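Enquirer: Take a look and give me a structure for this.
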Amino acid sequence: MPLASNLSPAYPARAPRGAAEKLRAWQQAAVDEYLARQPRDFLTVATPGAGKTTYALRLASELLDRRVVERIVVVAPTEHLKTQWAEAAKKVGIPLDPEFSGARGTTSSDFLGIAVTYAGVAANTLLYRRRVEDRKTLVILDEVHHAGDSMSWGESVREAFEPAARRLALTGTPFRSDVNPIPFVTYAPGRDGISRSFADTTYGYGDALRDHVVRPVMFLAYSGRMRWRTKAGDEVAAVLGADQAKDVTQQAWRTALDPQGEWIPQVLRAADRRLTEVRKHVPDAGGLVIASDQTKARAYSKLLHGITGHKPTVVLSDDPKAGEKITAFGESNDRWMVAVRMVSEGVDVPRLMVGVYATSTSTPLFFAQAVGRFVRARKRGETASVFLPSVPLLLRLAGELEEERDHALGKRLDGTWSEEDILVAQALAERSTADLLVDDQLSFEALESEATFDRVLFDGGEFGTGVTPGTAEEEEFLGIPGLLDADQVHDLLRSARGTKKPAKDEPKAAAPVDVKALKKELASCVSAYARQTGTSQASVHADLRRMCGGPEVPRASAAELQARLDRIRAWAVGRR
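Expert: Sure, this is the predicted structure:
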């Protein structure tokens, strides 16, 4: 008797799925835990590139085969991603309709479910509620933090999928801190009184690095001198990334990103040089420039065309063919793609190995999403290279890439704000200021910019000093082969910054100095001394520079930092 005759009308026959793909260890462990517990709600936090889609579809297959559910609904942030989900599901024998909408209201019986967007759910909440009420449904909420973007989206998701038999929430980026709880996510108060999300299974970037599931990231930071004119007509000059007021840093940052200056062309040339080196070992490697807005994206594209002789793929949010362009680029051998926000999250283009962070957006969430586009490993030894402005906030985010954060809900139970929330609020304020400056075209005029290679950040260490782009010193960093394991990259970075191997009869060279640790120690000493003397930290730093010489702290060498540490310790002893 055919299998279909054993099924009730509620369980229509479907084409048999192909041989199951072997899961990674974390994926199998998460599937096993779910099937053992059989929870209604399950939150999986896994770093970009870890394979959340494969894991979720395997779990969906298991629940369909066991007849725990009859239908699947995938909710994704963008139109492109819902199509990507449908294509992945089709390959494992779960046909999903990505064209379903509130306007049409129905789908073919050939499909086992639908793929929709969060915006689509918000536009017709009751339609989706009726669908999950009619059949036992598994709802997969991809990048579920989007349900906390606004109260209306969260309410729509909760209302639509409250009757669902099962809900699987996925995210690959650190949660933001805010006051909007994410639907179907469990929160528990910590000892500090702040309620934080509780993940059922977590697979962080550090875990994935150890398992060689993702690529390590080499951040190449560029500084330089900037000059601009304010709304009042004053001309201001500053060094990008120097220890200075936030508004000066924002204006210097914006000057660097101005396509009419020299900073961004120099950085694009360096990034293309790096891509050329990578492609010697990974022939189809591609690059991505993430721009602040559409005007700059088009301008950067023209610059790249002049540098490479080839037109990059330009992806803009209002382009109805944006998804098709991303797919075509992913399947091509083209060198560069330029985008605004279309490739910041979830888009799977594994050949992206070189990036330019040419945007003023600086929240931890967006930064992690952007970097996540470059970390998906295909073979062992691949290393991602991301070029970015030498701005303290971005350098801190690059250094904290392996840290994991839960979703923190606003204030403590006693009504006060935690230190974490204050820091997040400051970051959001900085981003808002930057966006405001970009929008107010009358408040600012970029006049001149130049790029200086500042340093490389890799695996918690800092390497290199400021050199001019196009020089032999910069070439040492850009010419690092594109297929090396992390230890080999470390060895070459140490060599590039001037550490040489001693001859057999020479004494062994000292271990590399941890510049990041020196800066942290100096900041602690300056803070303590400022409290003791009743002066500002900025004044103490200025006095140290005047006495010891050298540039601002972000650009100071290990020797310069150590000299300042010795000086301030002597001052502290002298006060005792």
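Enquirer: Show me the helices in the stretch 201-350 of the chain, by range?
Expert: Counting by DSSP state H, counting those that start in this stretch, the stretch 201-350 of the chain has these helices, from start to end: 205-210, 246-257, 263-279, 294-308, 322-331.
Enquirer: Could you dump these into CSV and include distance to Gly482, mean neighbour count and mean pLDDT?
Expert: Placement of C-beta: from N, CA and C, glycine included. CSV is the format used below for the helices of the stretch 201-350 of the chain (distance: least, CB to CB, whole Å; neighbours: other CB atoms under 10 Å; pLDDT from 0 to 100):
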stretch, distance to Gly482, mean neighbour count, mean pLDDT
helix 205-210, 18, 19, 81
helix 246-257, 26, 22, 90
helix 263-279, 3, 22, 94
helix 294-308, 17, 18, 95
helix 322-331, 19, 17, 87
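Enquirer: Arg135 is nearest to which of these?
Expert: For Arg135, the closest of the helices of the stretch 201-350 of the chain is helix 322-331, at 28.5 Å, according to CB to CB.
Enquirer: can you count the residues close to Phe198?
Expert: Residues contacting Phe198 under the criterion other CB atoms under 10 Å number 12.
Enquirer: List the residues that contact the residue nearest to it when sequence neighbours are not counted.
Expert: The shortest distance from Phe198 to any non-neighbouring residue, by CB to CB, 6 or more residues apart in numbering, is to Thr186 (4.4 Å). Thr186 sits next to 41, 43, 197-198 when contact means CB atoms under 8 Å, 6 or more residues apart in numbering.
Enquirer: swap in Val248?
Expert: Contacts of Val248 by CB under 8 Å, 6+ apart are 236, 238.
Enquirer: what separates it from His305, distance-wise?
Expert: Distance of Val248 to His305, computed by CB to CB, to the nearest Å: 33 Å.
Enquirer: what's next to stretch 387-403, contact-wise?
Expert: 174, 204-206, 209, 217, 219-223, 240-241, 249, 253, 256-257, 267, 270-271, 274, 354-357, 362, 364, 367-368, 371, 386, 427, 430, 454-455, 457, 460, 516, 554-555.
Enquirer: try it again with 7 Å
Expert: Residues outside stretch 387-403 that contact it (CB atoms under 7 Å, 6 or more residues apart in numbering): 204-206, 217, 219-223, 240-241, 249, 253, 256, 267, 270-271, 355-357, 362, 364, 367, 371, 430, 454, 457, 460, 516, 554.
Enquirer: what's the answer for stretch 97-116, then?
Expert: So stretch 97-116 is contacted by 12, 14, 71-76, 82-83, 85-86, 94-96, 120, 123-124, 127 (CB under 7 Å, 6+ apart).
Enquirer: gap between the two ends of it?
Expert: 9 Å (CA to CA, to the nearest Å).
Enquirer: Go through it and flag the buried ones.
Expert: The neighbour-count check on stretch 97-116 (16 or more other CB atoms under 10 Å) flags 97-98, 100-101, 107, 111-116 as buried.
Enquirer: okay, the residues you listed in CSV with secondary structure, distance to Pro392 and pLDDT next?
Expert: Putting these into CSV (DSSP: H, G, I helix; E, B strand; the rest coil; distance: CB to CB, whole Å; pLDDT from 0 to 100) gives the following:
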residue, secondary structure, distance to Pro392, pLDDT
Asp97, strand, 47, 94
Pro98, coil, 42, 93
Phe100, coil, 46, 91
Ser101, coil, 45, 81
Thr107, coil, 50, 81
Phe111, coil, 50, 92
Leu112, coil, 50, 95
Gly113, strand, 46, 94
Ile114, strand, 45, 95
Ala115, strand, 41, 95
Val116, strand, 40, 95
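Enquirer: quick revisit: of all the helices of the stretch 201-350 of the chain, which lies closest to Gly154?
Expert: It is, among the helices of the stretch 201-350 of the chain and with distance given as CB to CB, helix 322-331, at 25.6 Å.
Enquirer: helices or strands up against that closest one?
Expert: If you count contacts as 3 or more CB pairs under 7 Å, 6 or more residues apart in numbering; DSSP states H and E, helix 322-331 packs onto helix 79-91, strand 313-315.
Enquirer: quick one, it and helix 79-91 angle?
Expert: 60 degrees (axes from the mean of the first three to the mean of the last three CA atoms, to 10 degrees).
Enquirer: With respect to pLDDT, which of the contacts of Thr186 ranks lowest?
Expert: Taking the contacts of Thr186 together, the minimum pLDDT is found at Ser197 (73).
Enquirer: what helix or strand does that residue sit in?
Expert: strand 195-198 (DSSP states H and E).
Enquirer: Remind me what that strand packs against, helices and strands.
Expert: strand 186-189.
Enquirer: what does the average pLDDT come to for the strand it packs on?
Expert: The model assigns strand 186-189 a mean pLDDT of 73.
Enquirer: same question, stretch 137-153
Expert: 82.
Enquirer: any idea which residue sits dead centre in this structure?
Expert: By CA atoms, centre = their mean, the mean C-alpha position of the chain lies nearest to Ala368, the distance being 2.0 Å.
Enquirer: Model confidence score at that residue, please.
Expert: Value for Ala368, per-residue pLDDT: 81.
Enquirer: Next: Asp414.
Expert: pLDDT at Asp414 comes out at 45.
Enquirer: Then Thr44?
Expert: 93.
Enquirer: I believe it is in a helix; please confirm or correct that.
Expert: No - using DSSP: H, G, I helix; E, B strand; the rest coil, the secondary structure at Thr44 is strand, not a helix.
Enquirer: which residues touch it?
Expert: Contacts of Thr44 by CB under 7 Å, 6+ apart are 30, 52, 170, 200-201.
Enquirer: Now the two most distant members of the buried residues of stretch 97-116.
Expert: Ser101 and Leu112 (17.9 Å).
Enquirer: picking that back up, take the helices of the stretch 201-350 of the chain and lay them out in CSV including distance to Gly381.
Expert: Listed next are the helices of the stretch 201-350 of the chain as CSV, based on distance: least, CB to CB, whole Å:
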stretch, distance to Gly381
helix 205-210, 13
helix 246-257, 32
helix 263-279, 11
helix 294-308, 25
helix 322-331, 21
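Enquirer: and of the ones you listed, who's closest to Ala523?
Expert: Going by CB to CB, the one of the helices of the stretch 201-350 of the chain nearest Ala523 is helix 246-257, 16.7 Å.
Enquirer: CA atoms only for the closest one - export them in CSV, please.
Expert: Output in CSV follows, covering the C-alpha atoms of helix 246-257 (Å, rounded to 0.1, in the frame of the first residue of the first chain):
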residue,chain,number,x,y,z
LYS,A,246,33.3,63.1,20.7
ASP,A,247,32.0,65.7,18.3
VAL,A,248,35.5,66.2,16.9
THR,A,249,35.9,62.5,16.5
GLN,A,250,32.6,62.3,14.7
GLN,A,251,33.5,65.1,12.3
ALA,A,252,36.9,63.6,11.6
TRP,A,253,35.3,60.3,11.0
ARG,A,254,32.8,61.8,8.5
THR,A,255,35.7,63.6,6.8
ALA,A,256,37.5,60.3,6.3
LEU,A,257,34.4,58.8,4.7
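Enquirer: what pLDDT, on average, does stretch 52-72 get?
Expert: 96.
Enquirer: same thing with stretch 337-344?
Expert: 76.
Enquirer: And for stretch 445-452?
Expert: 88.
Enquirer: Which helix or which strand is home to Ala160?
Expert: Ala160 belongs to helix 151-161, assigned by DSSP H and E.
Enquirer: So which of the contacts of Thr44 belong to helices?
Expert: 30, 52 (DSSP state H).
Enquirer: Dump the buried residues of stretch 97-116 to JSON lines, plus distance to Leu447.
Expert: What follows is those, written out as JSON lines (distance: CB to CB, whole Å):
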{"residue": "Asp97", "distance to Leu447": "54"}
{"residue": "Pro98", "distance to Leu447": "48"}
{"residue": "Phe100", "distance to Leu447": "52"}
{"residue": "Ser101", "distance to Leu447": "49"}
{"residue": "Thr107", "distance to Leu447": "57"}
{"residue": "Phe111", "distance to Leu447": "58"}
{"residue": "Leu112", "distance to Leu447": "59"}
{"residue": "Gly113", "distance to Leu447": "56"}
{"residue": "Ile114", "distance to Leu447": "53"}
{"residue": "Ala115", "distance to Leu447": "49"}
{"residue": "Val116", "distance to Leu447": "48"}
